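Q: this is the structure alone, sequence omitted:
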């Protein structure tokens, strides 16, 4: 079936540098693409989403870019801090598996971001 | 607000045993769901509910049952535990079942389940 995946399982950056986490998707029918952050021992936490008809959306220290031509999504974190160390998941808002007209989130496998002091 | 709470935090079962994972939210969210997370993988949807009395299957529903008698609670029942159900289980809720309200899921802290 179609899925959402990530290029890099682990990304290591220096504190203060910018981080870029990438994600490839295959389902062109998704309405939204979403980024979640999961710290060790905790549940995922919503970061930012982008509608499929947009190319860029900015939040606080984060920017999400969507390239529909190559089906690529990225999360940019400015001035990365130790508190940004976590696993980052991209997800798609798509139809539920049983196609009942309801929605479901399909998650990628995650990228671990390690911030070096 | 406590947000989304889950109990227990850890559980060990023997093959064939049954148990219920509890989930509650105090944000008056209509939508609630259960995911499982296996090592090196993302989250996979087990079951979800768009409101009290309404449930539906997700991607991996086999071996699990749910019910939604109140807005606040959404328990997940393992009927006959199998080693393949060893995983971390997350409950989540959101303000809506579509659009931007659905994108922002609020997750609980998880239940780590081991089936021997």
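A: All right, it came through fine. Only a predicted model underlies this, so the values are computations on that prediction, with no experimental measurement involved.

Q: mind listing what residue A:110 touches?
A: A:6, A:9, A:38, A:87, A:88, A:89, B:40, B:41, B:42 (CB atoms under 8 Å, 6 or more residues apart in numbering or on different chains). To be clear about C-beta, it is placed using only N, CA and C from the backbone, and glycine gets the same treatment.

Q: ok, so of these, who is nearest residue B:67?
A: Using CB to CB, residue B:42 is the member of the contacts of residue A:110 that sits closest to residue B:67, with 26.0 Å.

Q: and that closest one, what is it in contact with?
A: Contacts for residue B:42 (CB under 8 Å, 6+ apart) come out as A:4, A:89, A:91, A:107, A:108, A:109, A:110.

Q: what residues does the second one make contact with?
A: For residue A:89, the set of contacting residues under the criterion of CB under 8 Å, 6+ apart consists of A:35, A:36, A:37, A:38, A:44, A:107, A:108, A:109, A:110, B:42, B:43.

Q: return the subset of the residues you listed lying in helices.
A: Among the contacts of residue A:89, no residue falls in helices (DSSP state H).

Q: what segments of chain B are strands?
A: B:4-7, B:10-13, B:19-25, B:31-37, B:43-51, B:54-57, B:64-66, B:76-78, B:87-94, B:106-107, B:111-115 (DSSP state E).

Q: wait, which of the ones you listed is closest to residue A:49?
A: strand B:87-94 (11.8 Å).

Q: identify the residues contacting that closest one?
A: Here strand B:87-94 has contacts from A:43-44, B:4, B:6, B:21, B:23, B:25, B:27, B:29-38, B:43, B:46, B:74, B:76, B:101-108, B:110-113, using CB under 8 Å, 6+ apart.

Q: interface residues of chain B facing chain A?
A: Within chain B, the positions adjacent to chain A are B:4, B:40-45, B:48, B:50, B:56-59, B:90, B:92, B:97-100, B:102-110 by CB under 8 Å from any CB of the partner chain.

Q: among the residues you listed, which ones are buried?
A: For the residues of chain B next to chain A, a burial check counting by 16 or more other CB atoms under 10 Å in any protein chain shown picks out B:4, B:42-45, B:48, B:50, B:56-59, B:90, B:92, B:97-98, B:102-110.

Q: closest one of the contacts of residue A:110 to residue A:18?
A: Closest to residue A:18, out of all of these and judged by CB to CB, is residue A:88, at 14.2 Å.

Q: now the helix or strand hosting the closest one: average pLDDT?
A: According to DSSP states H and E, residue A:88 maps onto strand A:86-95. In this model, strand A:86-95 has an average pLDDT of 91.
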